[in-house]
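Trainee: Here is a sequence together with a model predicted from it:
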Amino acid sequence: MDTKVKTRRSEQKEATREQILEAAKMLLAEHGYAALRVAAVAAKAEISLGGLLHHFPTKDALVIAVLERLSAHVLRLAIREASRASSDEDVFGPISKSAERFYAAPEFLMYLDIFLSGRRHTEIGDTAIRLLPSQRAAMEELWKPHLTERGISEEHAVLIIRSLWALSRGLALSSSTEHDKPDNQETINFVLNALRQTYGKK
């Protein structure tokens with residue numbers, strides 16, 4: 001088979017796969033994991049059910065692929081934010097903002113819904129359990145140099161990153177209305193000021 005033909009088919013296959021995953025992501029965001037139907041994803045992606053099943057033989061295989069896609073998207077955003085913060089005098093603020101944006105994004109709620117709904121299913125649960133610590137480790141490796149190059153020990157750098165992300169996660173999960181946002185920001189500012197007082201404006 002001609003190399004150009006192979007390349008074109010490979011590109012078409014990847015484009016179809018992305019079309020399916022985007023449709024699945026939209027339906028998961030709108031209706032949640034429990035209500036997701038493979039036939040509805042095929043209709044949303046405008047392909048046949050057989051075409052979808054060729055790429056993803058089961059609902060679990062499709063949801064796992066969405067989880068992995070979300071994880072990769074989160075990492076790309078974190079890489080971009082960490083690179084922008086390289087010359088920032090106050091690194092605590094950018095780390096906190098990165099965490100706030102992640103936990104305020106629809107992707108986090110979708111990820112949480114999939115994890116909580118699918119943890120009874122071994123394959124999905126195992127994937128979520130694998131992705132969560134790998135995501136955390138990747139975030140730590142991205143932000144850690146910004147702290148250590150400012151004189152903070154590696155041990156403290158990791159603790160600072162984990163604390164700021166845990167704070168943002170906790171506030172996101174406990175907040176239910178727009179009225180919570182000012183209190184949340186006050187809490188975050190309190191912690192950031194405490195870090196600045198302890199370590200200086202790093």
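Mentor: Now that the structure is in, tell me what you want to look at.

Trainee: after the biggest helix by length in the chain, next one along is what?
Mentor: When the chain is parsed with DSSP state H, its longest helix is helix 3-31. As assigned by DSSP states H and E, the chain's next helix or strand after helix 3-31 is helix 38-45.

Trainee: Which positions within that next one qualify as buried?
Mentor: V38, V41, A42, K44, A45 (16 or more other CB atoms under 10 Å). Using the backbone N, CA and C atoms, a C-beta is placed for each residue, glycine as well.

Trainee: so the second one touches L27, yeah?
Mentor: Yes: at 6.0 Å, V41 and L27 qualify as touching, with contact defined as CB atoms under 8 Å.

Trainee: Which elements pack onto the helix or strand harbouring L77?
Mentor: Using DSSP H and E, L77 sits in helix 59-84. Judged by 3 or more CB pairs under 8 Å, 6 or more residues apart in numbering; DSSP states H and E, helix 59-84 is in contact with helix 3-31, helix 38-45, helix 92-104, helix 106-118, helix 122-148.

Trainee: Could you tell me the least trusted of the ones you listed?
Mentor: Ranked by mean pLDDT, these bottom out at helix 106-118, with a mean of 78.

Trainee: which strands and helices sit next to that one?
Mentor: Using 3+ CB pairs under 8 Å, 6+ apart: helix 106-118 touches helix 3-31, helix 59-84, helix 122-148.

Trainee: residues touching V63, list them.
Mentor: By CB atoms under 8 Å, 6 or more residues apart in numbering, the contact set of V63 is A24, L28, Y33, L36, I114, G118, I124.

Trainee: per-domain residue ranges of this protein.
Mentor: Per automatic domain parsing, the structural domains of the chain span 1-57, 60-199.
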